[in-house]
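Visitor: dropping a prediction and its sequence here:
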Amino acid sequence: ANEGADAIVRLAHSFKWPLLVDCTSGLRSAVSGGVEGGGGEYCCRLADQVLLSPHAKALVGAPDLVLMFGVRVTSKRVQTTVLQSARAVIVVHEAARRVDEFANVSCRVRATPALFVRAVLQAVAYGELAVMPRFSACAWMHSASVSVGRALARALDRDCCDDGNALPLSEPYVARLIVRHCFDRDEGAQKELFVSNSMPIRDVEMFAPECMRTRLHFGTNRGASGIDGIVSSAIGFAIGAERATCALIGDLAMLHDLNALHTLATLTQQQQ
């Protein structure tokens with residue numbers, strides 16, 4: 001929810017900790033947290049790409065503490081470089097889910113992000129909680145993320161190659177184009193987006209715009225990250241959203257749930 005995303009940005013600013021943004025979080029936006037730029041120097045929106053750098057891995061590897069909102073991370077590099085090597089992990093999630101892939105979760109807090117952040121900031125203000133020191137490389141992580149975003153824009157946000165030929169149709173190009181079509185526009189013209197598991201969600205994580213005018217928030221069916229039932233999930237998401245919806249899905253996921261199109265046709269007939 002928007003309130004939770006904004007609260008997470010405020011916490012990062014208050015603690016001066018780096019905020020590694022997952023593409024499903026709604027934080028790839030210039031309107032997050034009431035902070036100009038949607039997170040400023042503490043926000044790394046393209047962490048998966050930035051962590052390709054050995055220097056970045058050295059900076060964030062083996063952290064003393066990871067504060068994780070939610071239970072799943074899209075980026076494999078964030079999982080292995082940050083979560084797996086963390087000395088302690090605190091998970092904040094409103095549902096009673098126990099996901100601990102690396103057996104290093106030391107504390108679980110069942111609360112919404114907004115409620116948790118409000119309680120923590122209040123405890124700090126009253127002197128009941130000490131804050132770990134500022135992470136000195138926040139500005140570098142943010143700058144690297146912005147640089148990667150600009151490089152992606154130069155490579156993918158154009159109509160033709162340097163030689164005048166059309167850009168090749170690739171998965172990164174299609175994922176970025178669909179995300180921009182749905183979200184990088186005025187609020188009233190936005191569409192909903194449902195993203196399949198496997199490569200589509202990873203293409204969005206790696207190649208979607210670094211920061212957009214409106215919130216990038218879309219539906220997924222992460223579960224065990226399988227490709228079963230994706231079409232059915234997208235249909236249910238569209239019905240619940242009650243607005244125009246795009247589904248970014250691969251060919252195998254489509255074949256696995258092809259019979260769901262019959263359900264879609266039936267629902268369309270009923271609505272007519």
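Guide: Cool, the structure landed. Numbers count the residues shown, from 1 in each chain.

Visitor: how about the helices in the stretch 151-272 of the chain?
Guide: Per DSSP state H, counting those that start in this stretch, the stretch 151-272 of the chain carries helices over the ranges 171-183, 199-207, 230-241, 251-256, 260-271.

Visitor: any chance of those helices in JSON lines with distance to residue 105 and mean pLDDT as columns?
Guide: Bear in mind the C-beta positions are built from the backbone N, C-alpha and C, glycine included. Below are those laid out as JSON lines (distance: least, C-beta to C-beta, whole Å; pLDDT from 0 to 100):
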{"stretch": "helix 171-183", "distance to residue 105": "31", "mean pLDDT": "89"}
{"stretch": "helix 199-207", "distance to residue 105": "22", "mean pLDDT": "94"}
{"stretch": "helix 230-241", "distance to residue 105": "27", "mean pLDDT": "90"}
{"stretch": "helix 251-256", "distance to residue 105": "30", "mean pLDDT": "92"}
{"stretch": "helix 260-271", "distance to residue 105": "35", "mean pLDDT": "74"}
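
Visitor: of the ones you listed, which stretch is the most buried?
Guide: Mean neighbour count (mean count of other C-beta atoms under 10 Å) peaks for helix 199-207 among these, with a mean of 22.

Visitor: same for that helix, what does it pack against?
Guide: helix 47-50, helix 171-183 (3 or more C-beta pairs under 8 Å, 6 or more residues apart in numbering; DSSP states H and E).

Visitor: run through the stretch 101-250 of the chain and note the low-pLDDT ranges.
Guide: By pLDDT under 70, the low-scoring segments of the stretch 101-250 of the chain are 184-190, 216, 223-225.

Visitor: tell me which of the helices of the stretch 151-272 of the chain sits nearest to residue 8.
Guide: Across these, residue 8 has its closest neighbour in helix 199-207 (17.6 Å, C-beta to C-beta).
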